[in-house]
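# The sequence isn't on hand, but the structure is:
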């Protein structure tokens, strides 16, 4: 997000990107394993989907556990080196990186399974996401918060709003980063 990068640069903040947990767990940048679900409603009946979802979430949690420890270790290393970590920024609306809003994975799974893979568009996927957003944290960010808390590290958490991005609205998190850095009035 250009707005977030520019806000950090303007505030004199450095940035370290956390690993993309979905990329690690779901088959790279294209999330190839997730693409298998698109249109699978023809062969994956609704009664079987909750069982599949539990298995996928168990696998995902295992992959995220390793990434969570690494992320917390990096945050601790920065702090132990005298670097002020002003925030961890997630993406509200993400099943993995949401801070206050995530996806109802069952609803999202049903939407993707029932979609026609031959004609589904980005707009269709975005509509599925919009229809599945619920209050709550993402699998990865909740795990990161827990691991940082376990290590006694207390830092603010901010979120980029995915739904606002889909609507073409500016990233409100940019102003929050400047405030978190103590530079809100500069």
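Okay, I see it. Keep in mind that this is a model prediction, so the values were computed, not measured.

# CA only for contacts and neighbour counts going forward, please
Will do.

# now the lengthiest helix in the chain, how far from the centre of its chain.
In the chain, taking DSSP state H as the definition, the longest helix is helix 49-80. Computed by Cα atoms, centre = their mean, to the nearest Å, the separation of helix 49-80 from the middle of its chain amounts to 12 Å.

# The following helix or strand past that helix - what's its average pLDDT?
Using DSSP states H and E, the next helix or strand after helix 49-80 towards the C-terminus is strand 88-92. The pLDDT scores in strand 88-92 average 91.

# strands paired with strand 88-92, and their directions?
Strand 88-92 has the following sheet partners, assigned by DSSP bridges: strand 157-161 (parallel).

# what's in contact with the strand it pairs with?
When contacts are defined by Cα atoms under 8 Å, 6 or more residues apart in numbering, strand 157-161 is touched by residues 87-93, 98-100, 171-173, 176-177.

# Please repeat the previous calculation with a cut-off of 6 Å.
Among residues not part of strand 157-161, those counted as contacts by Cα atoms under 6 Å, 6 or more residues apart in numbering are 87, 88, 89, 90, 91, 92, 99, 173.
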